[in-house]
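In: Requesting a structural model of the entry that follows:
(chains A and B, ligands or ions: 2)
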Amino acid sequence: MKKVIMGNHAVSYGVRLARAEVIAAYPITPQTQIVEELSEMCSDGRLKAKFVKVESEHSAMACCIGAASAGARAFTATSSQGLALMHELLHWASAARLPIVMTNVNRALGPGWNIWTEQTDSLAQRDTGWVQLYCEDNQEVLDSTLMAFRVAEAVRLPVMIVYDAFFLSHTYEPVDIPSQEDADALLPPRKLEKGTFMDIEDPRTFSNMTPPDYFMEMRFKLERAMRRAKDEFGRAAGEWKKLTGRDYAAIETYRCGDAETVLVAASTAVSTARVVVDSLRGKGRKVGLLKMRMFRPFPYREVVDVLRRTRKVAVLDRNISFGSGGIFATEIKAALSNVPGHPPVYGYIAGLGGRDITPGTIEEIFDRTDRNGVPDDPITWIGLKP
Amino acid sequence: MSRGVAETMGAGHRVEDELFLPGHLGCQGCGGALAMRMVLQAMGPKTMLVIPACCWAIIEGPFPYTGLKVPVLNVPFETAGAAAAGLRAALDAKGKTDIHVLAWAGDGGTYDIGLQSLSGAVERNDNILYVCYDNEAYMNTGVQRSGATPEGSWTTTTPVRTPKDRPKKNMIEILAAHRIPYAATATIAFPDDLAAKVHRAKEIRGARFLLIFAPCPTGWRMDSRYMITISRMAVDCNVFPLYEVFDGDRYHITVEPKGVPVREYFQMQGRFRHLGDREIEQAQKRVDFEWRRLLHKAMQEPFGM
Ligand SMILES: Cc1ncc(C[n+]2csc(CCOP(=O)(O)OP(=O)(O)O)c2C)c(N)n1
Ligand code: SF4
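Out: Numbering: from 1, shown residues only, chains lettered A, B, ... in the order given. Ligands and ions are numbered 1, 2, ... in the order given. This is a model prediction of the structure:
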């Protein structure tokens, strides 16, 4: 059934179809409609979940940790300051191997207060052991929410669904709402392996003091699970395609076949970039586009396979790691670094704090990349006012 | 009628029935360890524990061991209230409503860093029992002052030249102000009173809170053999009165104190050794005042009666 809904409500529909059992959340712009709609769903019985109206994001994640530890399917949603407040617990959730799913609507971190989109909030959490999936449109937001639970439970790791403030969160688009039958086929009830959850019949102590004798192996297993998450995503996407015809992969390429310059981007900027690629192709320019859907685990093989064949790589970052550069660019460089004769990587920062990334912005990036030699500076700022 | 300690721990009691296994890692004479033994005995095996960072995260034993015969979830320092609420929600969602959720935190995790998440859980009236074993400082990290450290006390962050200069927070009052269905104080020196309070708490739905006085010989600079004696004295000199509060308005004092001078209580502990007569008199005045105030509340007509 098609419905015209905002990105935030696409999440709520996804969470309902996923039959979440415990929801704990705290309001923050631009995430609020997700939890408002979920509150409605819980109150009118469309969703049989316990909704814990916590007093902070910190407690939202703590509550999800408690709930998921007892085997429940747990969900929360946040943005920016809220995500930053959760930081300690993000590490805890992954190392405790809890399949929590969270939506993070990208929003710049203050000061000054800014409610508009920027990816720094989620990317700053890249080392916390969460799978991260970036979405481009509302359909993808809904479908990713379902797949997130599936992947999370398959590898026992938390998954973060990420998308842009306002450009997606508050934008209405037609979305095909999957049937409950299809959702159930992709996502059966959470399977609970013995010894992995709080069970009165099998009393164990979880997350107690872990000496050096054991700790490293636990981290090794977490990393192994993280790598398996990519395959599990592939498996889930394959099944979802059979059920709905919609196709998802860790990365997507657009007109990269013979491209000499490939732009790497994520989230809504990808839609804009697609239009620019078409228009430049029309002018005979050999340009292509690589969309990063999965950021953690980082899809090294897939990224390298595409980029090694091109002459120049441009990366669009709507984020910054101060003193280093754009975070996607840094990771792309790392991915290519051991490939003999790899193409140079040009890092561009644009659109911080919700500034528009227009077709002009992206054209400028392609122009500079094609025209210029490899810049010394890892950052080239685009659209900076003098 | 609740069962007393004679039934739960006395004659006829078998070690195999204990939910707290032998060989814990607490110091000799740890009040917090004994408090757990008593509370679990009264809670029974259908209990799940939530433990934030505190001495108890050591006492329970390291991976891959477990020191308790009930499921235990360790959680970050400041999250006991919220994590317990989440665990409760999950159990309820799965229809396991007969399982008790017992959050177990130190005073630091309750009075200070965990106060917000506890307040949230109590304000929502989540169906959990929260126990704070109160050793009046951050012991796990080496005896630093907490919001529960009494005025005048030495700790490693309040050296004797500049001891703690603010009174202990009144945690029960904070919770009574939330209109919590049940809040009570207890100590291991009065095990029947403690067990009765746990049983009472078990029968009430919603948020319940127990503050257990838990001497720490290591941090209080005293001989471990006085652990029970000091617990009894704290009650008898009114430093730690035993009472309960229903719905934040009905106060009920459960043990009559003997009226021992505070000086005697102080003299047994190294953490108060630096105090002079003037400070001790001042402390006595404060204790007397608080006791009168409590009596007043206990005599007040309850709301809506
Ligand atoms: C966020 C955070 N800050 C600090 C610590 C370090 N820490 C662990 S336990 C503890 C003190 C615990 O004190 P309390 O709650 O009174 O329990 P006790 O150890 O006295 O039994 C501290 C400061 C931590 N684990 N997490
Ligand atoms: S330091 Fe104190 S509270 Fe901690 S285990 Fe030792 S006696 Fe118990």
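In: of all of the stretch 201-305 of chain B, which residue lies closest to ligand 1?
Out: B:Cys216 (6.9 Å; CB to the nearest ligand atom). Every C-beta, even on glycine, is put in place using the N, C-alpha and C of the backbone.
In: Just to check, that residue is in contact with B:Tyr133?
Out: No: B:Cys216 lies out of contact with B:Tyr133 (CB atoms under 8 Å); the separation is 9.5 Å.
In: okay, those two: which has more neighbours?
Out: Ranked by neighbour count (other CB atoms under 10 Å in any protein chain shown), B:Cys216 and B:Tyr133 place B:Tyr133 first, with 29 against 26.
In: For the residue of the stretch 201-305 of chain B closest to ligand 1, list the residues it contacts.
Out: By CB atoms under 8 Å, 6 or more residues apart in numbering or on different chains, the contact set of B:Cys216 is B:27, B:30-32, B:55, B:135-137, B:139, B:143.
In: and what of A:Asn104?
Out: Shown in contact with A:Asn104 (CB under 8 Å, 6+ apart): A:31, A:77-79, A:83, A:121-122, A:160-162.
In: related to what we said a few turns ago, which one of the contacts of B:Cys216 sits closest to chain A?
Out: B:Cys55 (11.5 Å; CB to the nearest CB).
In: Quick check: nearest residue in space to B:Pro22, chain neighbours excluded?
Out: The shortest distance from B:Pro22 to any non-neighbouring residue, by CB to CB, 6 or more residues apart in numbering or on different chains, is to B:Val15 (7.4 Å).
In: ok, the one you found - how many residues close by?
Out: 7.
In: Against ligand 2, how distant is it?
Out: To ligand 2, B:Val15 is 21 Å away according to CB to the nearest ligand atom, to the nearest Å.
In: Kindly tell me how buried the closest residue to chain A within chain B is, as a neighbour count.
Out: With CB to the nearest CB, the shortest gap between chain B and chain A falls at B:Gly86, namely 2.8 Å. B:Gly86 has 37 neighbouring residues, counting by other CB under 10 Å.
In: Please name the residues that touch it.
Out: Counting by CB under 8 Å, 6+ apart, B:Gly86 has contacts A:22, A:24, A:52, A:62-69, A:74.
In: Show me the two of the residues you listed that sit farthest apart.
Out: Taking CB to CB, the two most distant members of the contacts of B:Gly86 are A:Val52 and A:Ser69; they sit 14.2 Å apart.
In: Looking at the two, which is more packed in?
Out: Set A:Val52 next to A:Ser69 and count neighbours by other CB under 10 Å: A:Ser69 wins out with 29 against 26.
In: In this structure that one contacts A:Phe206, no?
Out: Yes: counting by CB under 8 Å, A:Phe206 is a contact partner of A:Ser69 at 6.4 Å.
In: Mutual contacts of the two, please.
Out: The contact lists of A:Ser69 and A:Phe206 share A:96, A:198, B:73, where a contact means CB under 8 Å, 6+ apart.
In: residues touching the first one, list them.
Out: Going back to what we said before, that points to A:Ala96. Neighbours of A:Ala96 in contact, by CB under 8 Å, 6+ apart: A:65, A:69, A:206-207.
In: of these, closest to A:Val275?
Out: Nearest member of those to A:Val275, counting by CB to CB, is A:Ile65, at 42.2 Å.
In: can you tell me if the host helix or strand of that closest one touches ligand 1.
Out: Per DSSP states H and E, A:Ile65 falls inside helix A:57-69. No: counting by CB under 6 Å from any ligand atom, ligand 1 is not contacted by helix A:57-69; separation bottoms out at 10.4 Å.
In: ok, then the element right after that helix?
Out: Next element after helix A:57-69 (DSSP H and E): strand A:74-78.
In: Each with direction, which strands does that following strand pair with?
Out: Sheet pairing of strand A:74-78 (DSSP bridges) gives strand A:22-24 (parallel), strand A:101-106 (parallel).
In: closest to B:Ala184 out of those?
Out: Among the strands paired with strand A:74-78, strand A:22-24 sits nearest to B:Ala184 (CB to CB), with 28.1 Å.
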